[in-house]
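Visitor: turn this into a structure:
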Amino acid sequence: MNKFQEFMLKHPYISIAVIMPFALAFVLGVFSILLNIVFPILVSVWLAGWIYTAIVGKSVNKYYHRPFWYIRYD
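Guide: Below is the predicted model:
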């Protein structure tokens, strides 16, 4: 392990060039999950709540002050 650390200290650009593809793959995977799964779910929940309040006729202020108004806090 010491030789590995010494090599990385002596050659920082080579070390970064070796680490970068793995970091890039990790970041692309995380962003892929966020953009393809998490954000669409959040937008669809927000839109469904907005449509529900429009159909039922509830106050929009209630929706903005308590975003999870449909959950009972007992």
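Visitor: what about Glu6, how many residues nearby?
Guide: 10 (other CB atoms under 10 Å). The way it works is simple: take the backbone N, C-alpha and C, and place the C-beta from them, glycine included.
Visitor: correction: Gly57
Guide: 6.
Visitor: with Asn36 instead?
Guide: By the criterion of other CB under 10 Å, Asn36 has 9 neighbours.
Visitor: any idea how far Leu42 is from Leu34?
Guide: 10 Å (CB to CB, to the nearest Å).
Visitor: same check, this time on Glu6
Guide: In this view, Glu6 and Leu34 are 38 Å apart by CB to CB.
Visitor: Ala48 now?
Guide: 20 Å.
Visitor: ditto for Phe22
Guide: 19 Å.
Visitor: low-confidence stretches in this structure?
Guide: Low-confidence segments of the chain, defined by pLDDT under 70: 60-70, 72-74.
Visitor: now the helices for it?
Guide: Assigned by DSSP state H, the helices in the chain fall at 2-10, 12-33, 39-56, 60-65.
Visitor: could I get those helices as TSV with distance to Ile71?
Guide: As requested, those are exported to TSV (distance: least, CB to CB, whole Å):
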stretch	distance to Ile71
helix 2-10	50
helix 12-33	25
helix 39-56	11
helix 60-65	13
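Visitor: list phi and psi for Gly57.
Guide: In terms of degrees, to the nearest 10, the main-chain angles of Gly57 are phi 90, psi 20.
Visitor: no no, Lys58
Guide: Torsion angles at Lys58 (phi, psi; degrees, to the nearest 10) stand at phi -80, psi 160.
Visitor: residue nearest the centroid of the chain?
Guide: Leu34 (4.6 Å; CA atoms, centre = their mean).
Visitor: separation between that one and Ser15?
Guide: For Leu34, the distance to Ser15 - CB to CB - is 28 Å.
Visitor: got a list of what Leu9 touches?
Guide: Going by CB atoms under 8 Å, 6 or more residues apart in numbering, Leu9 touches no other residue.
Visitor: any idea how far it is from Phe22?
Guide: 19 Å.
Visitor: before we move on, what about Gly57?
Guide: Per CB to CB, Gly57 is found 53 Å from Phe22.
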